[in-house]
Every structure is written in structure tokens, then in C-alpha cells.
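Participant: Below are the sequence and a predicted model for it; my questions follow.
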Amino acid sequence: MKKLILLVVLALTLMAFTACRNNDDRPELIMGTSAGFFPFEFIADHGQGVIGQYAGIDLSLAARIADELGFDIIVHDMEFGGLIPALQGGSIDFIAAGMTIRPDRQESVNFSVPYFTAGQAVVVLQDSGITSMGALEGKIVGAQLATTGEFAITDAQAEGRISFQNIYAFNTAQPGIQDLLSGSIDAFVIDTPVARGFVNNHPDRLVMFNDADFFGLEQFGMAFNKDDTELLAQFNEVLTRLIAEGYVYYLYDYYMENHGHMAN
């Protein structure tokens, strides 16, 4: 495992140099992301970014793909809910933001092949006694705005499967976790790998649980403009090979083991 981590660190260092260099001969792609979603995208400590100040699974993966295709990447960091409109409007070229492939989103964008399978997790305070979705009946629950976590809990309430006292939507995950830590909300719903990062960073205060029957599984994909099928095909060719090589989950292990403090 130590050898594997060393190789990944070396690869990340090389990618950071390659992705950030200024080469007038290489065309640029603008990547849209929402950099508050560790371990997929976050603002790194000084000097540890993969593309500029940004790091994470999506940044490393996009940098690797773009370098193989002969592109440089510029990162536009924005609120998650604004990513698809920005892609449709042409201000970004693709999205890499831990975005779940959903039928409603597929009406607006084309997704790459799925590169990560996840599900929703519920983060609660250790002393809350909350260990199931049923225990959240009448409670205050939070999620990140326009994410599948928010969709899941709002849909469940609308369908009468559960009744929350209130649902709060946050532009990014960190304020929701801070409200949970302060006791302003009772639970925060977010993708499992991201939840794990927050719990690892607050091991004495937070715990998480999963409910696959309530939430189901999800797959992440990069999103492209409906008209940009050539770029999608190019990304898919490289991405499919990297998935087969296990590169995505190597990145997951690397970030969880070496940057866990970035989840706050």
C-alpha cells in the first residue's frame, strides 16, 4: 500500500505540473466544479493543488484525461446549482463535480461513462441517538442545494414517506455540517464518500449511517453540452481505460489517507 501511495503522489505531482503549465500550443478547456465537496473537489493547502489551488478526485482525473488529450484546464468554481445552466450557456466546457447521473439531468446534458458508485449517507451527532431515517421524523434535516441528497429528502416528504419539521438547503456542504455541529439542525444528508470525510475529521462528534432502501445507489459522471459529442467521446475513451486500471479508486484512497483534514 505504501508503494501504491508513493506512486500516486508522484503521479499527482506530475499532473499538477502538467495541468498548470502555460503552453500556448495547447487549447484550453474550462471545467466547472463546486469546490466544497471533499474528496472530489476542494481548495487545497498552499502548493498542494492539482490545477491551481484546486485538488480532489475530479481535479486529478480531469487533469489526467485532458493532458492525454492535449488540453490545458481552467477551473471555474461556482455553486453546484449553477453548473448545468453554465454548461448550457457555454461559459464552461464540461462539469466534473461529483455529479450524479439522473434522468432529469440527462434531458439537459450528456454524461460520461459512470466513474464512481456512491449513495447517500446521513451525518448526525454521536450523542443524538439517531440511527435510522425513521428517527428523523419531525426533525430538522439539511442537504446541499440542488444535489441528490436534497432531492431525496424533499421527494420523500412530498410522497408522504417521512415528515420532517424542516428541510434546510445550503449552497455548499460545510455550512450544513457547521450547523449540525452547533445543533441548529439534526442531520445532514450527503453522498457517502463526502460524509465519510466529515466524520473522519470530527471523529469525536459525528457519526454516519446509510439506508440503501430509502436512498438507493448513485453513479457519478462528468457532464458535457448536448452539442459537444466529440469532446464527450474523447473523454470517455480515456476515462474508460482509467476506470479499468483502478485509477479512480486509487485517487479515492490517496485523498482520504492524505487530505482527510480538508473535510471540515
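Facilitator: Cool, the structure landed. Treat the numbers as computed from the prediction; the structure is a model and nothing was measured. Residues are numbered from 1 along each chain as shown.
Participant: Please name the nearest non-neighbouring residue to Ile40.
Facilitator: Just so we're on the same page, residue 40 is Phe rather than Ile. Excluding the flanking residues, the one nearest Phe40 by CB to CB, 6 or more residues apart in numbering is Gly98, at 3.9 Å. The C-beta positions use only the backbone N, C-alpha and C, and glycine is treated the same way.
Participant: any idea how far Ile30 is from the one you found?
Facilitator: Distance, Gly98 to Ile30, by CB to CB, to the nearest Å: 18 Å.
Participant: Which one's more surrounded, these two?
Facilitator: Neighbours per residue (other CB atoms under 10 Å) separate Gly98 from Ile30, with Gly98 holding more: 27 against 15.
Participant: The spatially most central residue of the chain: which element?
Facilitator: Among the residues of the chain, the one closest to the centroid is Gly98, at 3.0 Å (CA atoms, centre = their mean). Assigned by DSSP states H and E, Gly98 belongs to no helix or strand.
Participant: how about the strands in the stretch 1-150 of the chain?
Facilitator: Using DSSP state E, counting those that start in this stretch, the strands found in the stretch 1-150 of the chain span residues 28-33, 42-43, 54-55, 72-77, 94-95, 109-111, 116-125, 140-144.
Participant: mind checking which of those is nearest Lys226?
Facilitator: Closest to Lys226 of the strands of the stretch 1-150 of the chain, according to CB to CB: strand 109-111, at 5.7 Å.
Participant: Just the mean pLDDT for that closest one, thanks.
Facilitator: For strand 109-111, mean pLDDT is 98.
Participant: which strands and helices sit next to it?
Facilitator: Contact analysis of strand 109-111 by 3 or more CB pairs under 8 Å, 6 or more residues apart in numbering; DSSP states H and E lists helix 83-89, strand 223-225 as its packing neighbours.
Participant: Check which helices and strands the longest one is in contact with.
Facilitator: When contacts are defined as 3+ CB pairs under 8 Å, 6+ apart, helix 83-89 sits against strand 28-33, strand 94-95, strand 109-111, strand 223-225.
Participant: What strands flank the first one, and is each parallel or antiparallel?
Facilitator: According to DSSP bridges, the neighbouring strands of strand 28-33, each with its direction, are strand 72-77 (parallel), strand 94-95 (parallel).
Participant: what's the residue nearest to Phe40 sitting at in phi/psi?
Facilitator: The phi and psi values for Gly98, taken as degrees, to the nearest 10, are phi 60, psi 40.
Participant: Can you give me the end-to-end span of stretch 175-191?
Facilitator: Taking CA to CA, to the nearest Å, stretch 175-191 runs 16 Å from one end to the other.
Participant: can you check stretch 31-41 too?
Facilitator: Start-to-end, stretch 31-41 (CA to CA) is 12 Å.
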